[in-house]
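**Student:** sequence and predicted model, in that order:
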Amino acid sequence: MGEQAKISVGGMVTDNAVLKGSVGPDVIDIRKLYAQTKMFTFDPGFTSTASCESALTYIDGEEGVLLHRGYPIGQLAENSSFMEVSYLLLNGELPTAEKLDNFTYTISRHTMLHEQLMQFYRGFRRDAHPMAIMCGVVGALSAFYHDSTDISDPQHRKISSHRLIAKMPTIAAAAYKYSIGQPFVSPDNSLSYTGNFMRMTFGVAAEPYELHPAVEQAMDRIFILHADHEQNASTSTVRLAGSSGANPFACIAAGIACLWGPAHGGANEAALNMLREIGTPDKIPHFIERAKDKNDPFRLMGFGHRVYKNYDPRATVMQSTVREVFDALKVDDPLFETAMRLEELALSDDYFIEKKLFPNVDFYSGIILSAIGFPTTMFTVLFALARTVGWVAQWNEMISDPGQKIGRPRQLYTGPTQRDYSPIGNR
Ligand code: ACO
């Protein structure tokens, strides 16, 4: 028998197996705890709970480490491409040149949307938030692709995963085009995944579209940085939705809904809005004081993370990418100066030091995306586009697990105990 953890409650001692991963903290297996003790554990924000086994992504928050299938995010961001990272996440190994070509080709065969799905957009108001459109249109995919929704068939799962990864840029670009009143641009499969997305977003039929290679590379890198992040809120949402047997398109729509919130994917939009509100470096101390004030709801957006208690390794790459994009586009944004000064002041402030609050991936991403030309409302959409590969990889991993069960947390009930209904006239 391996290592056991004893839990002593109500005069009873239970032996619980200590499970070991390949790296990272051990976990105490409490699956039999309720049967043995008639007690649940209580962990509302899952701060001490591992919800599943996974071989995709590893994070060491104390050390600021992020690995995809064992490869450090910094190495992937520097040397890889979003298509290659997608292959890696889905298949577990880096592809050979031939396998990568085949995968990229397969994805490119699914970039178009059913014409009737394009009609969907017209039902939205022009001023709809593009994340609202994403939730609706991605959910609607399930009404179009009945031939790939048998989740017990690995081939169906593969096709629907490819469809989701391939169609997301088309759906996202169309959400943008709709909001600015321009005609949709069809995919061009001769371009890279990212180049095609940029053309569908910023290209117009009236003139040829030219994309600076450095910007294409920066955008591709941003997608790599967002590809997966283990059991975060939206991924857990996808897994929970998928655990009931729901089809993958519906599950990813659920993930998009969760990602939208300002504490999660919406933080990149909120971070840039905050930097704009701060404006110049002389205003920073005032906002730092507000962030520290418990009576003020203001928080430094793009700062702090549930898992990272050190610099988010994605923020390091993001910060260095800002300069590359500025140089390529020959632009500058004084907000970058403000952001760097804010980081410097916050990181030397006792409040942020003691609480281990560091810049996260969202702190600098808004500055880059804004320089490239995206409105803030599109930031979370870009996140959703890139995270789709992580979501489908995690969903596939869950469905392929023979021990998979429906996710069904329990609760600590604090409502009224049983009482009798009283007729309305007696109340
Ligand atoms: N500014 C000021 N104070 C903060 C911040 C912040 N950005 N983040 C956390 N704190 C404080 C909290 O007030 C709390 O203080 P207390 O212990 O005195 O009550 C303490 O630090 C711990 O914070 P929690 O909110 O309990 O930590 P949690 O792990 O639940 O939250 C979260 C993490 C949601 C990311 C939080 O840091 C936050 O709101 N940050 C701003 C939003 C943000 O940037 N989100 C992006 C996350 S990354 C991503 O989704 C890609």
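**Tutor:** Received it, and whenever you're ready, just let me know what you need.
**Student:** all contacts plus neighbour counts: C-alpha atoms, from now on.
**Tutor:** OK.
**Student:** close to the ligand: what parts of this protein are there?
**Tutor:** Within the chain, the positions lying close to the ligand (Cα under 6 Å from any ligand atom) are 263-265, 267, 291-292, 299-306, 355, 360-361.
**Student:** those residues, buried ones only, as a PyMOL selection?
**Tutor:** Here is the PyMOL command that selects the buried residues among the residues of the chain next to the ligand (16 or more other Cα atoms under 10 Å):
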select buried, resi 264+265+267+291+299+300+301+302+303+304+305+360+361
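**Student:** the residues of the chain next to the ligand in helices, which ones?
**Tutor:** Judged by DSSP state H, the subset of the residues of the chain next to the ligand located in helices is 267, 291-292.
**Student:** just the strands in this structure please.
**Tutor:** Listed in chain order, the strands of the chain (DSSP state E) span 4-9, 12-19, 27-28, 57-60, 65-68, 71-72.
**Student:** of all those, which one is nearest residue 195?
**Tutor:** Residue 195 sits nearest to strand 65-68 of all the strands of the chain, at 23.7 Å, using Cα to Cα.
**Student:** contacts for the closest one?
**Tutor:** For strand 65-68, contacts defined as Cα atoms under 8 Å, 6 or more residues apart in numbering pick out 56-60, 72-73, 88-89, 228, 312-313.
**Student:** I'd like the average pLDDT over that strand.
**Tutor:** Average pLDDT, strand 65-68: 97.
**Student:** please apply the same query to stretch 271-279.
**Tutor:** Stretch 271-279 comes out at a mean pLDDT of 94.
**Student:** same check, this time on stretch 133-146
**Tutor:** Along stretch 133-146, the predicted confidence averages to a pLDDT of 94.
**Student:** and for stretch 333-343?
**Tutor:** Stretch 333-343 comes out with an average pLDDT of 94.
**Student:** got it, and stretch 24-32?
**Tutor:** Throughout stretch 24-32, pLDDT has a mean value of 96.
**Student:** would you mark the buried spots in that stretch?
**Tutor:** Buried residues in stretch 24-32, counted by 16+ other Cα under 10 Å: 27-28, 30.
**Student:** from one end of that stretch to the other, what's the distance?
**Tutor:** One end of stretch 24-32 sits 23 Å from the other (Cα to Cα, to the nearest Å).
**Student:** just to revisit the earlier point, so which of the strands of the chain is the most packed in?
**Tutor:** strand 65-68 (a mean of 21; mean count of other Cα atoms under 10 Å).
**Student:** distance from it to the middle of the chain?
**Tutor:** 15 Å (Cα atoms, centre = their mean, to the nearest Å).
**Student:** tell me how far the residue lying closest to residue 359 once chain neighbours are set aside lies from residue 361.
**Tutor:** What sits nearest to residue 359 in space, not counting adjacent residues and going by Cα to Cα, 6 or more residues apart in numbering, is residue 303, at 4.4 Å. Separation of residue 303 from residue 361 (Cα to Cα): 9 Å.
**Student:** returning to what we had before: for the buried residues of stretch 24-32, which one is nearest the ligand?
**Tutor:** Nearest to the ligand among the buried residues of stretch 24-32, counting by Cα to the nearest ligand atom, is residue 27 at 19.5 Å.
**Student:** close enough to count as contact, the closest one and residue 19?
**Tutor:** Yes: counting by Cα atoms under 8 Å, residue 27 does reach residue 19; the two are 5.2 Å apart.
**Student:** show me the shaky parts of the stretch 1-150 of the chain.
**Tutor:** Within the stretch 1-150 of the chain, not a single segment meets pLDDT under 70.
**Student:** just want the residue of it that's nearest the ligand.
**Tutor:** Closest point on the stretch 1-150 of the chain to the ligand, by Cα to the nearest ligand atom, is residue 45, at 7.4 Å.
**Student:** and for that residue, the neighbour number?
**Tutor:** By the criterion of other Cα atoms under 10 Å, residue 45 has 9 neighbours.
**Student:** cool, residue 113 as well?
**Tutor:** Residue 113 is flanked by 18 other residues according to other Cα under 10 Å.
**Student:** what of residue 100?
**Tutor:** 18.
**Student:** so who does the closest residue to it other than its chain neighbours touch?
**Tutor:** Closest residue to residue 100 apart from its sequence neighbours, by Cα to Cα, 6+ apart: residue 84 at 6.5 Å. Contacts for residue 84 (Cα under 8 Å, 6+ apart) come out as 94-95, 100.
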